[in-house]
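>>> What shape does this take:
(2 chains)
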Amino acid sequence: MKSLFLLLSLAWLLGASPLYAGVNPFMAGTGDRTAIKPRAGKIILFQPLVNFSHRVQKELRIKITAFGRDIRRHPGGKSFWCFLLLAFAYGIVHALGPGHGKTIVTSYFLWRPGSMRQGFLLGNLIAFVHVFSAVILVMTLYYVLKKSGLTSFEGWSHKLQTISYSLLMVLGFFLAWRAGIEFKAGRSPTEKAPSTDTGMKNLMITGLITGMIPCPGAAIILSFAIIVGILWPGLWAMVCVALGMGITTSSFALVTILSRRTILRLANRNSKMLMLSHAILSWSGALVIIALSLLLLIEQL
Amino acid sequence: MLGLPVSGLTHPHLFVDYELFFVFNDKGLTGIKERWTFDEMFSTMVREEYDRDRNKIFDSTEILEIERTAFSNLENFDYFTFIRIGREELTVKGVGEFTADIHEERVRYTFFVPCPVPATEHFKSLQVSIFDKSYYTALQMADDKLILQGAEPYYSVETKIKRAKEFICYEEDGFPETVVIRFKRRP
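Model (predicted):
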């Protein structure tokens, strides 16, 4: 039992993002000189591992850039496939950092049990929406509004973050309300019936709300691709980045699902214990979503 | 442990190699010139947005625009520069001599951080860390490059680069890289 709680805690710990909204410190998020206060975790865990992660991402970025430039000279050649492969690897590593929905998937599957299929679905839904919201924004800015680069992207991204955090907070309250209703009615979803239509609707809504913030990392790669004249390889790279991110985010969902399942299986011997365990987990998940989105929203405003 | 805000594996969006030039005059240290070289991918975006005439050179108008819209906000982040003189922390509030250029396809920012430290016959010590606390930018020293300008023949200078090896460390102490410089006036 101790090891199970440790496993769940570890999944939460690694998934927990610091209060990080992903704002580019070189630019004011709203386009004016509004001060944006830096936020960072108070504890830096595994500093050597952090340094190693940075070096890996830096090397990936350098290689992606080099292959990207070479695609112009040799379209469809080895550089194209390396470009895609490295974009996939970049997605996996990049999503390990804060701000890619791991806290939300972990909290969501604390709130209610899910199937492995649902965990995989939510993780990938968040990843694809996160990347392709960046694609839509970048493409709109470049080709429709004819505005290049950073300042415009940051301005719109800031607005979308505010909307996303607001909707997440509303969702969190809804999930908390649902948890309260279930507890009052003495109901707890069982392993055999983990999902309902309502559960699938909630899942899809959660995925869309969480992912709607455009991913700056994806935006930078796509912008680079557009500027050097390799739009279609850039778009394929976005698919690969999203696939990589989906693997990482889904992994956190699956760990949470398995941990929750194990806890409830153990508590199943006693119906009161089962009800209480389910209620605690459900409330925890909902409250984390509320707290996280509220804090992020306060930082935005 | 649940809910503890930590930063495990971070995910920067920009990568910067920085060089530090410690600038001396006959009175002592005047300040630190910093040169930041951005990764090529980000540099491509900056050049697209600011090199309006596409001549691969930033003219004075373009530099002013870069400073206004893509640099000045760093004031809110202390220009990523954390300095301790002896035991006292120096807050970096203003920098000067900002310029931007393009070198081998990469954009570079150069600016001066005033940090006057009068020299004496005894060693004075300074610690300098360049770090983005928002984790948006990963800054790394370029080839362990420290340059002393104007130190000869007046001062004896010792430098050392400390790198955090601890597995758990608190933000205030846990900068990935810290330059320690000690200098004194030669007899």
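
>>> burial count for A:Trp232?
Neighbours of A:Trp232 under the rule other C-beta atoms under 10 Å in any protein chain shown: 11. Every residue, glycine included, has its C-beta placed from N, CA and C.

>>> And it, how close does it get to A:Ser152?
23 Å (C-beta to C-beta, to the nearest Å).

>>> Same question for A:Ile136.
For A:Ile136, the distance to A:Ser152 (C-beta to C-beta) stands at 13 Å.

>>> the more surrounded of these two?
The residue with more neighbours, out of A:Ile136 and A:Ser152, is A:Ser152; 18 against 11, by other C-beta under 10 Å.

>>> ok, the closest residue in space to the more buried one that isn't next to it in sequence - contacts?
Nearest residue to A:Ser152 in three dimensions, chain neighbours excluded: A:Leu141, at 5.0 Å (C-beta to C-beta, 6 or more residues apart in numbering or on different chains). Taking C-beta atoms under 8 Å, 6 or more residues apart in numbering or on different chains, we find A:Leu141 in contact with A:Lys147, A:Ser148, A:Ser152, A:Phe153, A:Trp156.

>>> what does A:Ile71 give?
A:Gly77, A:Ser79, A:Phe80, A:Phe83, A:Ile230, A:Pro233 are the contacts of A:Ile71 under C-beta under 8 Å, 6+ apart.

>>> The fourth one should be in a strand, yeah?
This means A:Phe83. No: A:Phe83: not assigned to a strand; according to DSSP: H, G, I helix; E, B strand; the rest coil it is helix.

>>> per-residue pLDDT, it?
Note on A:Phe83: pLDDT of 96.

>>> before we move on, back to that, which SS class is the residue nearest to A:Ser152?
A:Leu141 ends up helix, using three-state DSSP.

>>> mind checking how far it is from chain B?
Distance from A:Leu141 to chain B, counting by C-beta to the nearest C-beta, to the nearest Å: 11 Å.

>>> Quick check: that residue vs A:Ile213, distance?
16 Å.

>>> now do A:Thr249
A:Thr249 is 14 Å from A:Ile213, by C-beta to C-beta.

>>> Of the two, give the one with the bigger neighbour count.
A:Thr249 (32 against 25).

>>> where does that one land on pLDDT?
91.

>>> pretty sure it contacts A:Ile126?
Yes: at 5.6 Å, A:Thr249 counts as touching A:Ile126 under the criterion of C-beta atoms under 8 Å.

>>> what's the lowest-pLDDT member of the contacts of A:Leu141?
The lowest pLDDT within these belongs to A:Ser148, with 63.

>>> Which residue ranges of the chain form helices?
Since no chain was named, I'll use chain A. Taking DSSP state H, the helices of chain A run over residues A:2-15, A:47-73, A:78-94, A:102-111, A:116-139, A:150-185, A:197-211, A:216-228, A:231-267, A:271-300.

>>> hm, I was asking about chain B
B:40-50, B:60-70.

>>> The first one: how far from the chain's middle?
Between the mean C-alpha point of helix B:40-50 and the mean C-alpha point of its chain there is a distance of 20 Å (C-alpha atoms, centre = their mean, to the nearest Å).

>>> contact partners of that helix?
Outside helix B:40-50, the residues touching it (C-beta under 8 Å, 6+ apart) are A:61-62, A:64-65, A:68, A:148-151, A:220-221, A:223-224, A:227-228, B:13-15, B:38, B:56, B:58, B:62, B:65-66, B:70, B:100, B:102, B:105-107.

>>> Also compute the angle for it relative to helix B:60-70, please.
120 degrees (axes from the mean of the first three to the mean of the last three C-alpha atoms, to 10 degrees).

>>> hey, C-alpha coordinates of helix B:40-50 in CSV?
Output of helix B:40-50 as CSV, limited to C-alpha atoms (Å, rounded to 0.1, in the frame of the first residue of the first chain):
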residue,chain,number,x,y,z
GLU,B,40,19.7,29.6,-34.7
MET,B,41,16.0,28.7,-34.8
PHE,B,42,15.0,31.6,-32.6
SER,B,43,17.4,33.8,-34.4
THR,B,44,15.7,33.1,-37.6
MET,B,45,12.4,34.4,-36.1
VAL,B,46,14.1,37.5,-34.7
ARG,B,47,15.7,38.3,-38.0
GLU,B,48,12.4,37.8,-39.9
GLU,B,49,10.7,40.2,-37.6
TYR,B,50,13.4,42.9,-37.2
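
>>> how much does it deviate in direction from helix A:47-73?
Counting by the same axes, to 10 degrees, helix B:40-50 lies at 60 degrees to helix A:47-73.

>>> what angle do helix B:40-50 and helix A:216-228 make?
60 degrees.

>>> Just the mean pLDDT for helix B:40-50, thanks.
On average, helix B:40-50 scores 91.

>>> So what's the gap between stretch A:233-243 and the chain middle?
16 Å.

>>> burial measure for B:Gly96, as a count.
10.

>>> so how far is stretch B:33-42 off the chain centroid?
Per C-alpha atoms, centre = their mean, the centroid offset for stretch B:33-42 relative to its chain is 11 Å.

>>> can you tell me the residue of chain A closest to chain B?
Nearest to chain B, among the residues of chain A, is A:Gly97, at 2.5 Å (C-beta to the nearest C-beta).

>>> okay, now that residue: neighbour count?
The burial count for A:Gly97: 26, using other C-beta under 10 Å.

>>> Kindly report the same for the one 5 residues further on.
Here the count is done by other C-beta under 10 Å, and A:Lys102 has 27 residues near it.

>>> which residues in chain B form strands?
B:6-7, B:14-24, B:28-38, B:81-85, B:88-90, B:96-103, B:106-118, B:124-130, B:137-149, B:155-163, B:168-170, B:177-185 (DSSP state E).

>>> want to throw these into CSV with distance to A:Leu296?
Formatted as CSV, those follow (distance: least, C-beta to C-beta, whole Å):
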stretch, distance to A:Leu296
strand B:6-7, 15
strand B:14-24, 21
strand B:28-38, 27
strand B:81-85, 26
strand B:88-90, 29
strand B:96-103, 32
strand B:106-118, 29
strand B:124-130, 27
strand B:137-149, 20
strand B:155-163, 32
strand B:168-170, 23
strand B:177-185, 29
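
>>> which stretch in those is the model least sure about?
Looking at the strands of chain B, the bottom one is strand B:6-7 with a mean of 35.

>>> where does chain A dip in pLDDT?
Within chain A, the ranges that satisfy pLDDT under 70 run A:1-22, A:28-48, A:98-100, A:148-151, A:187-198, A:267-268, A:300-301.

>>> could you dump the helices of chain B to a markdown table with distance to A:Leu281 and mean neighbour count?
A markdown table is the format used below for the helices of chain B (distance: least, C-beta to C-beta, whole Å; neighbours: other C-beta atoms under 10 Å in any protein chain shown):
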| stretch | distance to A:Leu281 | mean neighbour count |
| --- | --- | --- |
| helix B:40-50 | 42 | 21 |
| helix B:60-70 | 45 | 16 |
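
>>> Take those helices and lay them out in a markdown table including distance to A:Ser282.
Output for these, formatted as a markdown table (distance: least, C-beta to C-beta, whole Å):
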| stretch | distance to A:Ser282 |
| --- | --- |
| helix B:40-50 | 43 |
| helix B:60-70 | 45 |
